[in-house]
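>>> here you go, sequence then predicted model.
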Amino acid sequence: MLSYRHGFHAGNFADVHKHCVLVEVLDYLKRKAKPLSYIDTHAGGGSYDLASDFAQKKREYDGGIGRLWADDGGPLARYLACVRSFNPDAELTHYPGSPALARMLLGDDDRLILFERHRNESLALRAWAEGDRRVTVREEDGFTGCIGLLPPPSRRGLLLMDPAYELKSDDDDVVRTLAACHRRFGTGVYLLWYPVVDRSRTEAMLAALVATGIRRIDRYELGVAPDGEGFGMTASGLLVINPPFTLRSTMEQVLPWLAQRLGREGQGWSRCETLVSE
Ligand SMILES: C[S@@+](CC[C@H](N)C(=O)[O-])C[C@H]1O[C@@H](n2cnc3c(N)ncnc32)[C@H](O)[C@@H]1O
């Protein structure tokens, strides 16, 4: 039984971190005019109303997009412009999920395959995607479902894996699935999001991924407080397999800027590093 609902967390600091990297990678891949497949293994509801009971419960977006809303965006201007386009009245009322950002940035010849196992979320996703022939919604397990889609017909693809880490088995599934995907499509770009709640658990999962032998992996983390158990999620992490070559220098500008604005009581920090080289 899945209880996680992304609506509680939409627009929080981890969403900002994940989505600014997603926008950067999609922009880069769209520089080439060849069709692209975007696969979201854990898609969520698509787009979120910040006035909903979910979002209002803890108002997590206040500590994320809310803190940036009045800013000119500095090195994050492009991401902020994307989020603003979902809020045409200048007031922050809606936050786009990863499917909404991808759908906005992709072209007519691209396709989006969205996995979402939770019934209500997948229904919301279907309603949101209705009429867009580029989008396929699959209400099934994204870990097993994505493997057979690779390599994509155009041999150009971006896969976002953004599990809720609700189940202990998610860590093993992440490693097993990315290894299988990479064996079938070694040149694809893969984004894996992970939370830092318990640093030793995080590092164990990353070590298992490195042990698969996959090369060219970058790691980008945004912390709002120092690591420490019992404080909930203190940092948001992203692994990028086959990162665009511009990503590292962009993130070296973006993440310190974000850490300064989103850190709790001045405790923000960031990390950009190569986890596995060529
Ligand atoms: C963190 S949220 C996704 C957020 C979304 N990617 C975004 O950035 O807007 C994770 C989602 O995965 C769904 N989920 C959990 N296990 C799944 C599985 N095995 N396959 C597909 N979806 C799953 C949950 O219902 C939840 O909606």
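Cool, the structure landed. Numbers count the residues shown, from 1 in each chain.

>>> near the ligand, which residues of this protein?
Within the chain, the positions near the ligand by CB under 6 Å from any ligand atom are 2, 4, 6, 18, 40, 42-44, 97-98, 115-118, 121, 141-143, 162-164. Just so you know, the C-beta spots here come from the backbone N, C-alpha and C atoms, and that holds for glycine as well.

>>> of those, grab the buried ones for PyMOL.
Applying 16 or more other CB atoms under 10 Å to the residues of the chain next to the ligand, the buried members can be selected in PyMOL as follows:
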select buried, resi 4+6+18+40+42+43+44+97+98+115+116+117+118+121+142+143+162+163+164
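
>>> what stretches of this structure score poorly on pLDDT?
Scanning the chain for pLDDT under 70 picks out the ranges 1.

>>> looking at it, what residue ends up closest to the ligand?
The ligand sits closest to G97 of the chain, with a gap of 2.8 Å, by CB to the nearest ligand atom.

>>> quick one: that residue and S47 touch, right?
Yes: taking contacts as CB atoms under 8 Å, G97 lies within contact range of S47: 5.6 Å.

>>> sorry, back to before: which residue, other than its chain neighbours, is closest to the residue of the chain closest to the ligand?
G44 (4.7 Å; CB to CB, 6 or more residues apart in numbering).

>>> what does that neighbour show for phi and psi?
When read as degrees, to the nearest 10, the backbone of G44 gives phi 70, psi -160.

>>> ok, back up a step: mind listing which of the residues of the chain next to the ligand are in strands?
Secondary structure defined by DSSP state E assigns D40, F115 of the residues of the chain next to the ligand to strands.

>>> what ranges does the stretch 1-150 of the chain have for its strands?
Taking DSSP state E, counting those that start in this stretch, the strands of the stretch 1-150 of the chain run over residues 37-40, 47-49, 94-96, 111-115, 135-138.

>>> measure how buried G186 is and give me the count.
Around G186 there are 14 other residues, counting by other CB atoms under 10 Å.

>>> can you tell me the SS state at it?
Following DSSP: H, G, I helix; E, B strand; the rest coil, G186 is assigned to coil.

>>> check contacts around it.
With contacts defined as CB atoms under 8 Å, 6 or more residues apart in numbering, G186 has no neighbours.

>>> ok, 10 Å please
L150, P151, I214, R215, R216, I241, N242 (CB atoms under 10 Å, 6 or more residues apart in numbering).

>>> thought R156 was touching the first one, still the case?
Read that as L150. No: with contact defined as CB atoms under 10 Å, L150 does not count as touching R156 (11.5 Å).

>>> overlap of the contact sets of those two?
With contacts taken as CB under 10 Å, 6+ apart, the residues that reach both L150 and R156 are S37, F185, G188.

>>> from these, which is closest to Q260?
G188 (33.2 Å; CB to CB).

>>> I'd like to know how many residues surround the closest one.
Residues near G188, counting by other CB under 10 Å: 20.

>>> list the contacts of it.
37, 39, 150-152, 155-159, 181-182, 241-242.

>>> redo those as a markdown table? Include secondary structure.
Formatted as a markdown table, these follow (three-state DSSP):
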| residue | secondary structure |
| --- | --- |
| S37 | strand |
| I39 | strand |
| L150 | coil |
| P151 | coil |
| P152 | coil |
| R155 | coil |
| R156 | coil |
| G157 | strand |
| L158 | strand |
| L159 | strand |
| C181 | helix |
| H182 | helix |
| I241 | strand |
| N242 | coil |
